[in-house]
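**Q** Sequence first, then the predicted structure, then my questions.
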Amino acid sequence: MSGTGHTETAGVAGEPACPESIRRALAAHTTMTLAYGDEDGPQACAVLYATGGGPAGGGDRMAGSGGAPGGSGPDPVLYFVTATTTRHGRALAEPGARVAFTVQRDGQEWSELTGLQGRGRCRTLSGAERAAGWRAYTGRFPFVGQSDRLRDALERTTLWELRPDWLRLIDNGQGFGHKEEWRRA
């Protein structure tokens, strides 16, 4: 894509590298608004999320496209918890379901507005993948482990992985309308 203040990143040999600026922005936030569609039409919900990684020295580690959660690689991965009995849980569990999402902090000034838009697919995790994703989630939200009641409730709830295939970072701090995009091949 072209245009003033707009960058699109694609990797070599079908392996796009997600820009560090996008990884940092994902790791800097904790709440995303998921948008999805079901038989009753479009809907959105907010969920807390953890990245499977982040920028070097940022604490977490991104999960790679071919690796287990917590590994390193070119593809960002987000983890969130929700029951499959919720409206959004049922919609996300449908074969081929896609989501759109946004991530941003409340109370920003226009001149410094930073946020992300994305699209991708979700899936539930089990076994070793769930254990690795759960470590990333509880590492991001240590208060979960500090409450036996909350920890027990969330451990019984489904852990999801969201693999974005398109991300757009908007960063007005670098100039009004500055955008960077990433697409998975």
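**A** Okay, I see it. Residues are numbered from 1 along each chain as shown.
**Q** mind listing what's buried in whichever strand in the chain runs longest?
**A** For the chain, the strand with the greatest residue count under DSSP state E is strand 159-171. Going by neighbour count (16 or more other CB atoms under 10 Å), the buried part of strand 159-171 is Leu159, Trp160, Glu161, Leu162, Arg163, Pro164, Leu167, Arg168, Leu169, Ile170, Asp171. All C-beta atoms are positioned from the backbone trio N, CA, C, and that covers glycine.
**Q** Check stretch 129-148 too.
**A** Quick answer for stretch 129-148 (16+ other CB under 10 Å): Glu129, Arg130, Ala132, Gly133, Trp134, Arg135, Ala136, Tyr137, Thr138, Arg140, Phe141, Val144.
**Q** of the residues you listed, closest to Gln117?
**A** Closest to Gln117 out of those is Arg140 (21.1 Å), distances taken as CB to CB.
**Q** excluding its backbone neighbours, what's nearest that closest one?
**A** Among residues not flanking Arg140 along the chain, Ala50 sits closest, at 3.5 Å (CB to CB, 6 or more residues apart in numbering).
**Q** Against which helices or strands is the host helix or strand of the one you found packed?
**A** Element membership of Ala50, judged by DSSP states H and E, is strand 41-51. Packed against strand 41-51 by the contact rule (3 or more CB pairs under 8 Å, 6 or more residues apart in numbering; DSSP states H and E) you find helix 20-28, strand 31-38, strand 78-81, helix 87-92, helix 127-140.
**Q** could you check the distance from the closest residue to Cys18 other than its chain neighbours over to Gly175?
**A** Excluding the flanking residues, the one nearest Cys18 by CB to CB, 6+ apart is Trp182, at 4.8 Å. Using CB to CB, to the nearest Å, we find Trp182 at a distance of 19 Å from Gly175.
**Q** Ser111 too?
**A** Counting by CB to CB - Ser111 and Gly175 are separated by 10 Å.
**Q** cool, Gln146 as well?
**A** On the measure of CB to CB, Gln146 and Gly175 end up 41 Å apart.
**Q** Neighbouring strands - and their directions - for whatever helix or strand comes next after the longest strand of the chain?
**A** Sequence-wise, the next helix or strand downstream of strand 159-171 (DSSP H and E) is strand 179-183. Strand pairing for strand 179-183, using DSSP bridges, gives strand 6-9 (parallel), strand 159-171 (antiparallel).
**Q** before we move on, the earlier item: which of the buried residues of stretch 129-148 lies closest to Ala27?
**A** Arg140 (8.9 Å).
**Q** so the residue nearest to the spatial centre of the chain bridges to which residues?
**A** Nearest to the mean C-alpha position of the chain, by CA atoms, centre = their mean, lies Leu78 at 3.5 Å. Leu78 has the following beta-bridge partners by DSSP bridges: Thr51, Leu162.
**Q** which stretches of this protein have low pLDDT?
**A** Low-confidence segments of the chain (pLDDT under 70): 1-16, 53-74.
**Q** Cool, thanks, talk later.
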